[in-house]
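Trainee: dropping a prediction and its sequence here:
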Amino acid sequence: MEATSAETQMKISDSEWEVMRVLWTLGYADAQEITGILGASMNWKLATVKTLLGRLVKKNAITTETVGKKFRYFPAVSEEETIQSATENLFSHVCAKKMGATIADLIQDAELTAADIALIQQTLTDKVATPYIACNCIPGQCECKEHQN
Ligand SMILES: [Zn+2]
């Protein structure tokens, strides 16, 4: 298992994530621009966006630069690593033994193109099977036989 750095363990809220998506798309933006894009559909005022930006700065997810009298915000983490971090966080709540079934469920529920399916099939072809997976739960958190004496 890979060591997780403080950065990969960063958690951002759903609202913060929406702001990040704008910054990833544009490369950078100020609070007014973000409000212009998200304000109507998210029902956010400029103050809401400024609050979210402040939280993201504290979490080191974005950096800020002053341009004239305005603050300009830049993403400090990539979309890819943020998605990976959220997935790792989600899977950290699942018994290691249930990982395969959980991934199979995800695939079953997802809308996938032929190209997506080909990518997943290739990934599975290249994947090396682990002979045995140990339960990583606290006894009482799951029904693995390992915990039943
Ligand atoms: Zn378990």
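Mentor: Everything's here; your move.
Trainee: domain parsing for the chain?
Mentor: What automatic domain parsing lists as the domains of the chain is 1-93, 95-147.
Trainee: please compute how far the first one lies from its chain's middle.
Mentor: The gap between the average C-alpha position of domain 1-93 and the chain average comes to 11 Å, counting by CA atoms, centre = their mean, to the nearest Å.
Trainee: using the three-state scheme, assign residue 105.
Mentor: helix (DSSP: H, G, I helix; E, B strand; the rest coil).
Trainee: by mean pLDDT, point me to the weakest helix or strand of this structure.
Mentor: Evaluated with mean pLDDT, DSSP states H and E, the helix-and-strand set of the chain has its lowest mean pLDDT in helix 79-91, which scores a mean of 91.
Trainee: what's the most buried one of the domains of the chain?
Mentor: Each of the domains of the chain was scored by mean neighbour count; the highest is domain 1-93, a mean of 15, by mean count of other CB atoms under 10 Å. C-beta: built from backbone N, CA, C; applies to glycine.
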